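Student: Everything below, folded, please.
(2 chains)
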Number of protein chains: 2
Amino acid sequence: MNKTDVVREVLKDRDMAPGLQGAAYAPANIALVKYWGKSNAALNIPMTDSISVSLGSLGAHTTIRVASQNHDLVFLDGSELPAESTFYQRVKNYLNLFRSSQSHSFEVKTTSSVPVAAGLASSASGFAALVKALDQLFAWGLSGRELSILARLGSGSACRSVFEGFVWWKRGQENNGLDSFAERMDVHWPSFRIGLLELSAQKKPIGSTEAMQRTIETSRLYSAWPHQVSTDLPRMIDGLTHRDIETVGQVAEHNALSMHATMLAAWPPVLYWLPGSVEALRRVWEARQDGLCVYATMDAGPNLKLVFEKSEQAKIVALFPNLNIVDPFDLLS
Amino acid sequence: MNKTDVVREVLKDRDMAPGLQGAAYAPANIALVKYWGKSNAALNIPMTDSISVSLGSLGAHTTIRVASQNHDLVFLDGSELPAESTFYQRVKNYLNLFRSSQSHSFEVKTTSSVPVAAGLASSASGFAALVKALDQLFAWGLSGRELSILARLGSGSACRSVFEGFVWWKRGQENNGLDSFAERMDVHWPSFRIGLLELSAQKKPIGSTEAMQRTIETSRLYSAWPHQVSTDLPRMIDGLTHRDIETVGQVAEHNALSMHATMLAAWPPVLYWLPGSVEALRRVWEARQDGLCVYATMDAGPNLKLVFEKSEQAKIVALFPNLNIVDPFDLLS
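Tutor: Residues are numbered from 1 along each chain as shown, chains lettered A, B, ... in the order given. This next block holds a predicted model:
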């Protein structure tokens, strides 16, 4: 099964005649139990489940309409992307999945409220917003589950950005990935905070898809990664259910560092860290030794994301003055 | 079986009456395939084989004689160690294994030619020199194999420092560790170089024995470490046999980073790196991209050790001006 087959299966006999315009918003997300490695690279089916928190008002606003030109137009934060850029190509290939026989072109405009400096992946919120905007444009009325499957085809972690709050992506069992989708967890935790600590907004030396692939192929230690996740997953669910920041923070940090460890053991080694990453990690650990309840997670980049509760916020800001604090439940309360 | 039993077995019916004085030298060593984890902590029996290179004239000179006082005296680089210091206690406990019934005390004087700033473990060369000096003091005439077993009881990696050149420590199969000893490899490679890159001579935040133990107990990824070693070992032996610096360097770097990865995945995480370690690693990788044949290895500390051949030395020194270059075959050619 390829992506086209999956889209056909999800959309079944829905109308493929677009309306005037679709517009949607989707938040960025930070994984607390990471997605690292695909069991099916063509369909973005992951090796393991993962759990994330969506970043509330930090995300992507996307509008889509049928273009009058005979080629797609993609705008990001007001600038038209050149047709030869990687992101244009990814969007175009994704849109190919949704064109009806008359082969219309689309005009996609995305503005991101994620500070560029935060170094967050834009593809997750971008593809989640895009699929929601498509749903509106075509008036399909897809369920969250269906939107999540379609978003996954654009970018794996986009399937989590379809939802607010804490989100659990279940890898599923089917080869076609039709049971690999995210769901919102029944956890309301208004005092939960994520702190974005910017170290570098430089382009990554290696993209996460390539890094995952290299890790799977060359890192002996990766063989233990699925076991790590199967240990972390029930503990994280338990921690979130009880709003227990120590458990959530510990599991998130342990999981993130273990993911980076699998990359470090790849060949050639994959190291997203900068010298400042080590320094910031050490500062987090010192803060913990001084009694602060703060933990770190890291993704395929050098930046840290801190995990803590509102009650610790003042002390943490004193230690990390440039911290960009996110309240994931801001708009939900 | 405990250490006393092992010593009794190795020394059998040898004379336990000391002579006037023993004096010996043993080199420091750097593992190219690391020793990380004990299958028997009491006897320092390792989980896996390991391979090292001895550092020629960088090592420990030790003299030992029976002391006139009724307690041991331990001097390091001319200073007497206080009886409450950790190293004094380790030496005293080790000497306890070799006291005859009349329970004499010893005076041990060690001078190290390893620059303190190099951040190399002193226990490997120290215990290897000590056991050789004991062998001389008692005129036992022990074989290299026997010396290696006894040195291992003082500090695991000391069993490798009994020999010059490239050294292979075979973990053995016996529970008593009587087949866990090192042997010199039949490899003569006068153009092989080790470069010591000092980043910090600060005391480690956590000793290697404790770090190993925590890794085994809490790092999921450690379960794959023995597989890593069993892949690296034959490749390293092949590389050394053919004096193939690319293979030796690649395997050494991959193995070292994988070892650090197992620690990073422990909880609490064990991270010996400083910001400067990341910076130096990146410089090594850049040098390689520029065509230089240079690789890095790291032990339980923040410093890097570079692996290269004499032909590249000038270019490498230009990139790392403070490099302390070691010629392991200097005294052997």
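
Student: dump the residue contacts of A:Y295.
Tutor: A:V248, A:G249, A:Q250, A:A252, A:E253, A:V284, A:R288, A:L306, A:V307, A:F308 (C-beta atoms under 8 Å, 6 or more residues apart in numbering or on different chains). In short, each C-beta sits where N, CA and C put it, glycine included.

Student: rerun that using 7 Å as the cut-off
Tutor: When contacts are counted by C-beta atoms under 7 Å, 6 or more residues apart in numbering or on different chains, A:Y295 is found next to A:G249, A:Q250, A:A252, A:E253, A:V307.

Student: Can you pick out the most distant pair from those residues?
Tutor: Distances among these were taken as C-beta to C-beta; the most separated pair is A:Q250 and A:V307, at 9.5 Å.

Student: between those two, who's got more neighbours?
Tutor: A:V307 (26 against 20; other C-beta atoms under 10 Å in any protein chain shown).

Student: State the distance from that one to A:K38.
Tutor: Computed as C-beta to C-beta, to the nearest Å, the A:V307 to A:K38 distance reads 26 Å.

Student: what sits against the closest residue to A:N40 other than its chain neighbours?
Tutor: Closest residue to A:N40 in three dimensions, ignoring its sequence neighbours and counting by C-beta to C-beta, 6 or more residues apart in numbering or on different chains: A:G177, at 6.6 Å. Applying C-beta under 7 Å, 6+ apart, one finds that A:G177 lies in contact with A:V6, A:N40, A:L43, A:I45, A:I149.

Student: One more: A:R14?
Tutor: Listed by C-beta under 7 Å, 6+ apart, the contact partners of A:R14 are A:W140.

Student: Please apply the same query to A:M16.
Tutor: With contacts defined as C-beta under 7 Å, 6+ apart, the neighbours of A:M16 are A:S100, A:F138.

Student: For it, which three-state class applies?
Tutor: Going by DSSP: H, G, I helix; E, B strand; the rest coil, the secondary structure assigned to A:M16 is coil.

Student: part of a helix, is A:A266?
Tutor: No - using three-state DSSP, the secondary structure at A:A266 is coil, not a helix.

Student: hang on, the earlier thing: do you know how far the residue nearest to A:N40 is from A:L150?
Tutor: Counting by C-beta to C-beta, the gap from A:G177 to A:L150 is 11 Å.

Student: One more: A:F181?
Tutor: Computed with C-beta to C-beta, the distance linking A:F181 and A:L150 is 9 Å.

Student: likewise A:S223?
Tutor: 32 Å.

Student: More neighbours: the two, which one.
Tutor: A:L150 (30 against 15).

Student: The more buried one falls within a strand, correct?
Tutor: No - counting by three-state DSSP, A:L150 is not found in a strand; it is helix.

Student: Tell me how many other residues crowd the residue nearest to A:Q89 when sequence neighbours are not counted.
Tutor: Leaving aside its sequence neighbours, A:Q89 sits nearest to A:A83 (C-beta to C-beta, 6+ apart; 7.9 Å). Burial measure for A:A83: 12 neighbouring residues, criterion other C-beta under 10 Å.

Student: Also A:D13?
Tutor: Number of residues near A:D13 (other C-beta under 10 Å) recorded here: 6.

Student: give me phi/psi at it?
Tutor: Reported as degrees, to the nearest 10, the phi and psi values for A:D13 are phi -100, psi 30.

Student: For it, give its distance to A:W140.
Tutor: Between A:D13 and A:W140 the computed distance is 11 Å (C-beta to C-beta).

Student: Can you pull up the residues of the stretch 201-333 of chain A that come close to chain B?
Tutor: Listed as neighbours of chain B in the stretch 201-333 of chain A under the rule C-beta under 7 Å from any C-beta of the partner chain: A:220-221, A:223-224, A:227-228, A:231, A:254, A:257-258, A:260-262, A:264-265, A:267, A:269, A:271, A:273-276, A:278-279, A:281.
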